[in-house]
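A.B. asks: A structural model of the following input is requested.
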Amino acid sequence: MVSSQLQLHRYATGRESRVVTALTLLKSHLFKYQGHVSAALVLGGVDCTGPHLHTVYPHGSTDTLPFATMGSGSLAAMSVFESKYKEGLTREEGIDLVAQAISAGVFNDLGSGSNVDVCVITKGKTEYLRNHLLPNPRTYVSSKGYSFTKGQTEILYTKVTQLKPKVDVSEGGDAMEE
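C.D. replies: Okay, the predicted model is just below:
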C-alpha cells in the first residue's frame, strides 16, 4: 500500500521519494486504525538528505535513533546496541554488530527464529544477506529424509459428521436501493 502511494508520489513530483515521506504515510495509516493493524516496524533508507532509521509503533508513534530494534527479541538486541554501538562503524563492523544483536534476540526469546538475516541499505542499492549466521542449526537431519508409513500412529477413534447445507430462500420483501 505504501509502496504504491510512494510510486504515485514519484510520478506526481518527478523525483525520488524521501524516507520521511514513507514514514509519514506509515504512521498516518497506523494512527488511523489506532493499533488494530498490529504492525511494529523498523523503517530504514537513504535519500537525498542522507541515511535514516526510524521505528514505527502500532499506534503510529515514531522514533528516530542511530539504532533500532522491534519485536519479541528487541530488549536483548537493544542491550547489544547500547553497549557496543559507536559512531563511524565500517560496513563490516556494522554487519557484525547487527548480527550480534539479532543473535542475542534469538537466544533470549523463543519466538525470534533461528537464523540471522541482515539487510544493508546504501544509496541506490539494497543488499539482503540471507542466513548470514545460522546460530541454531539442526543437529540431526536424516540423509534419507523423513517418511512415516501409514498406520504408524494408532488412531483411537474416528467420528465423521455429515453437514447439510441450510439454504433459506424467501420471496418478496423490499427491493434493494440502487
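A.B. asks: tell me the contacts of the residue nearest the centre of the chain?
C.D. replies: In the chain, the residue lying closest to the centroid (C-alpha atoms, centre = their mean) is Leu41, at 6.8 Å. Contacts of Leu41 were listed using C-beta atoms under 8 Å, 6 or more residues apart in numbering, and they are 26, 55-56, 70. Every C-beta, even on glycine, is put in place using the N, C-alpha and C of the backbone.
A.B. asks: how much space between it and Lys86?
C.D. replies: Leu41 sits 25 Å away from Lys86, going by C-beta to C-beta, to the nearest Å.
A.B. asks: out of the contacts of Leu41, flag the one nearest to Ser143.
C.D. replies: Met70 (39.0 Å; C-beta to C-beta).
A.B. asks: C-alpha coordinates for the longest strand seen in the chain, PDB please?
C.D. replies: Using DSSP state E to define each element, the chain has its longest strand at strand 125-133. The C-alpha coordinates for strand 125-133 follow below in PDB (Å, rounded to 0.1, in the frame of the first residue of the first chain):
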ATOM      1  CA  LYS A 125      21.300  -0.400  -3.500                       C
ATOM      2  CA  THR A 126      19.700  -2.800  -1.100                       C
ATOM      3  CA  GLU A 127      21.700  -6.000  -0.200                       C
ATOM      4  CA  TYR A 128      20.000  -8.900   1.600                       C
ATOM      5  CA  LEU A 129      22.400 -11.200   3.400                       C
ATOM      6  CA  ARG A 130      20.100 -14.200   4.000                       C
ATOM      7  CA  ASN A 131      21.200 -16.800   6.500                       C
ATOM      8  CA  HIS A 132      24.200 -14.600   7.300                       C
ATOM      9  CA  LEU A 133      24.600 -16.700  10.500                       C
END
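A.B. asks: pull up the pairing partners for it, direction included.
C.D. replies: strand 116-122 (antiparallel) (DSSP bridges).
A.B. asks: show me where this protein has strands.
C.D. replies: Using DSSP E, strands in the chain cover 41-47, 50-56, 62-64, 116-122, 125-133.
A.B. asks: reformat those strands as CSV; add distance to Thr21.
C.D. replies: Output for those, formatted as CSV (distance: least, C-beta to C-beta, whole Å):
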stretch, distance to Thr21
strand 41-47, 9
strand 50-56, 11
strand 62-64, 13
strand 116-122, 16
strand 125-133, 17
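A.B. asks: okay if I get these as TSV plus distance to Leu30 and mean pLDDT?
C.D. replies: Shown next, in TSV, are those (distance: least, C-beta to C-beta, whole Å; pLDDT from 0 to 100):
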stretch	distance to Leu30	mean pLDDT
strand 41-47	8	96
strand 50-56	6	96
strand 62-64	9	96
strand 116-122	21	95
strand 125-133	23	95
